[in-house]
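what would the 3D arrangement of this be:
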Amino acid sequence: MSRQPRAVVVGGGIGGLTAGLALQLRGWQVTVLERAGELKPVGAGISLAPNAQRALDVVGLGDEIRSLEAWEGDGGLLTPKGRWLSRADPKLAAERFGGSIVLLHRATLVDKLAGRLPADAVRTASDARLLDPGDPDDPARPARVGTPEGDLEAELVVGADGINSAVRGALFPEHPGTEYTGFTTWRVLVPPLGRPFTQHETWGPGMIWGTHPFADGTVYAYAAAMAPAGQRAPGGDERAELRRLYGSWHDPIPAILDAVEPDQVLRHDVHQIAEPLPAFHRGRVVLLGDAAHAMAPTLGQGGNQAIEDAVVLAHHAAPDAPLDLPGYTAARLPRTTAIARKAMTVSRVNLTANRPLIALRNTAIRAVGALGPAFLLRGMDGIADWRPPQREPYAAPYAARTQARAGTARPSQDRSTQT
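Now for the predicted structure:
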């Protein structure tokens with residue numbers, strides 16, 4: 001009987017955990033190494049589009065995520081004074097792309113993914129280093145990863161260690177890495193407002209604000225503004241900075257700013273990989289998520305693409321067939337490169353501070369919107385309608401194997417929580 005192949009995933013974020021789960025379901029022995037002392041994702045919320053939901057179907061989580069869908073009303077794009085630029089039609093979007101967008105806390109998704117993995121599969125406080133990428137053509141040369149507990153050898157190493165990926169740097173030391181996009185972001189969570197509001201994104205001169213609810217009524221808001229790299233609010237008071245920039249904008253933005261706790265504002269400069277990598281693999285090592293294709297958040301696809309990466313990798317990593325990392329690169333590099341470039345183009349449009357260009361942009365949006373919501377949805381064609389290469393979920397075979405190893409049926413080890 002052949003030995004179970006081993007995979008080491010460096011990084012315990014959304015992409016890394018999805019990859020770990022997908023590979024586990026494919027029959028790999030998986031170890032996920034997270035540098036932080038706990039699985040604590042950066043960022044308050046994540047929007048999962050239908051493409052990511054279909055990817056999560058492959059690992060048995062799609063329907064559970066869809067059950068968290070919160071918003072059924074309208075929404076759209078506004079000016080800072082509250083004037084409509086365009087209105088959204090969630091039903092039309094669902095028909096076009098095969099589902100609605102689900103907004104949830106990143107911690108909720110991380111908990112649900114980690115809850116499907118064996119308890120001993122995830123190691124926190126483990127600062128991993130790639131020591132040897134290995135050779136896929138030489139069974140005697142696995143990849144090797146150094147950890148505080150000792151070196152690990154594996155037939156596959158997954159670099160899911162984020163935008164400042166050390167694995168990427170080890171694989172492609174000649175690559176220039178990431179660059180600053182020119183804008184910074186803020187994210188906040190506040191308790192339910194206790195009154196209705198319109199889900200929206202608002203575009204001002206060189207600034208954006210968005211307001212969306214979670215399933216429990218918690219309000220997630222985000223903002224973006226053009227700013228020098230590394231700039232921070234005087235005295236570190238980012239709430240005061242948000243009030244200065246957005247306090248005069250339309251309702252409910254002032255109410256949200258009043259409800260924000262001063263120490264609960266997350267601010268991060270946005271970086272991207274502007275020059276695509278030559279490949280997403282080398283040796284027995286593969287990159288996914290921000291480590292492979294960090295992009296601007298203006299299409300809401302960063303985390304979605306990491307989830308796609310994970311299930312496509314598992315598709316090319318059948319344990320009873322040769323590891324096909326070139327196939328993974330061929331499937332993912334062109335797609336993510338195109339989406340990253342489109343995200344940057346969109347950010348230049350919606351974050352412009354040029355008044356004549358703003359007037360032209362807003363007029364064009366209204367004109368297109370007058371033709372119907374379907375015209376505005378075309379920008380996500382080829383993105384939100386993506387489908388994974390495999391049709392059947394991996395969850396059922398995994399459950400059968402788990403029960404066979406245990407010798408008896410037992411409840412799922414789902415340690416997930418909802419926000």
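
every contact and neighbour count from this point should use C-alpha atoms.
Will do.

check this structure for its longest strand and report it.
For the chain, the strand with the greatest residue count under DSSP state E is strand 179-190.

ok, that one: who's next to it in the sheet?
Here strand 179-190 is paired, per DSSP bridges, with strand 219-226 (antiparallel), strand 266-272 (antiparallel).

what about the stretch 301-419 of the chain, any weak spots by pLDDT?
Applying pLDDT under 70 to the stretch 301-419 of the chain flags residues 371-375, 395-419.

ditto for the chain
In the predicted model, the chain carries pLDDT under 70 at residues 1-2, 43, 70-73, 371-375, 395-419.

so which elements touch the longest helix seen in it?
Looking across the chain with DSSP state H, the single longest helix is helix 325-350. Packing partners of helix 325-350 (3 or more CA pairs under 8 Å, 6 or more residues apart in numbering; DSSP states H and E): strand 281-282, helix 290-293, helix 302-315.

which one of the ones you listed lies nearest to residue 243?
helix 302-315 (27.5 Å; CA to CA).

for residue 41, give its distance to residue 142.
Distance of residue 41 to residue 142, given as CA to CA, to the nearest Å: 30 Å.

okay, how far is it across stretch 8-28, tip to tip?
End-to-end distance of stretch 8-28 (CA to CA): 10 Å.

just to revisit the earlier point, distance from the longest strand of the chain to the middle of the chain?
Counting by CA atoms, centre = their mean, to the nearest Å, strand 179-190 is centred 15 Å from the centre of its parent chain.

extract the CA atoms of that strand and return them as PDB.
The C-alpha trace of strand 179-190 is given here as PDB (Å, rounded to 0.1, in the frame of the first residue of the first chain):
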ATOM      1  CA  GLU A 179       4.400  47.900  -5.200                       C
ATOM      2  CA  TYR A 180       2.200  50.500  -3.500                       C
ATOM      3  CA  THR A 181      -1.000  51.200  -5.400                       C
ATOM      4  CA  GLY A 182      -1.200  54.900  -4.200                       C
ATOM      5  CA  PHE A 183      -4.200  54.400  -1.900                       C
ATOM      6  CA  THR A 184      -4.800  53.300   1.700                       C
ATOM      7  CA  THR A 185      -7.900  51.600   3.200                       C
ATOM      8  CA  TRP A 186      -9.800  51.600   6.500                       C
ATOM      9  CA  ARG A 187     -12.200  49.000   7.700                       C
ATOM     10  CA  VAL A 188     -14.600  49.200  10.700                       C
ATOM     11  CA  LEU A 189     -17.400  47.100  12.300                       C
ATOM     12  CA  VAL A 190     -20.200  48.700  14.400                       C
END
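
between residue 41 and residue 142, who's got more neighbours?
Of the pair residue 41 and residue 142, residue 142 is the one with more neighbours under other CA atoms under 10 Å, namely 23 against 17.

give me the most central residue, the chain.
For the chain, residue 303 is the residue whose C-alpha lies nearest the centre (CA atoms, centre = their mean; 1.0 Å).

so that residue sits against residue 17, correct?
No - Residue 303 is beyond contact range of residue 17, at 11.8 Å (criterion: CA atoms under 8 Å).

tell me how far the nearest residue to residue 171 once chain neighbours are set aside lies from residue 233.
Closest residue to residue 171 apart from its sequence neighbours, by CA to CA, 6 or more residues apart in numbering: residue 282 at 6.5 Å. For residue 282, the distance to residue 233 equals 41 Å [CA to CA].

so between those two, which is more surrounded?
When residue 282 and residue 233 are compared for neighbours, residue 282 comes out ahead with 19 against 12, by other CA under 10 Å.

what is that one paired to in the beta sheet?
On the basis of DSSP bridges, residue 282 takes part in beta bridges with residue 285.

pretty sure it sits against residue 169.
No - between residue 282 and residue 169 there is no contact, the gap being 11.8 Å when judged by CA under 8 Å.

buried stuff in stretch 28-43?
Of the residues in stretch 28-43, 28-35, 39, 41, 43 count as buried by neighbour count, 16 or more other CA atoms under 10 Å.

so residue 125 is in contact with residue 40, correct?
No - contact criterion CA under 8 Å: residue 125 and residue 40 do not qualify, at 11.7 Å.

tell me which residues touch the residue nearest to the centre of the chain, please.
With CA atoms under 8 Å, 6 or more residues apart in numbering as the criterion, the residues that contact residue 303 are 14-15, 46, 48, 289.

can you list which of these are found in strands?
Counting by DSSP E, those place 46, 48 in strands.

and the contacts of residue 303, which are buried?
Among the contacts of residue 303, those buried by neighbour count (16+ other CA under 10 Å) are 14-15, 46, 48, 289.

dump those residues to a markdown table, plus distance to residue 67.
Shown next, in a markdown table, are the buried ones among the contacts of residue 303 (distance: CA to CA, whole Å):
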| residue | distance to residue 67 |
| --- | --- |
| 14 | 19 |
| 15 | 21 |
| 46 | 15 |
| 48 | 12 |
| 289 | 25 |
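
and the residue nearest to residue 314 when sequence neighbours are not counted, how many neighbours does it have?
Excluding the flanking residues, the one nearest residue 314 by CA to CA, 6+ apart is residue 23, at 5.4 Å. Around residue 23 there are 27 other residues, counting by other CA under 10 Å.

how about residue 209?
By the criterion of other CA under 10 Å, residue 209 has 23 neighbours.

which residue packs closest to residue 28, ignoring adjacent ones?
Excluding its sequence neighbours, the residue lying closest to residue 28 (CA to CA, 6+ apart) is residue 5, at 5.2 Å.

neighbours of that neighbour, just the number please.
Close neighbours of residue 5, defined as other CA under 10 Å, add up to 16.

tell me how far it lies from residue 276.
Going from residue 5 to residue 276 by CA to CA gives 30 Å.

now swap in residue 339 and tell me
Taking CA to CA as the measure, residue 339 and residue 276 are separated by 12 Å.

isn't residue 66 right up against residue 103?
No - with contacts defined as CA under 8 Å, residue 66 does not count as touching residue 103, sitting 9.5 Å away.
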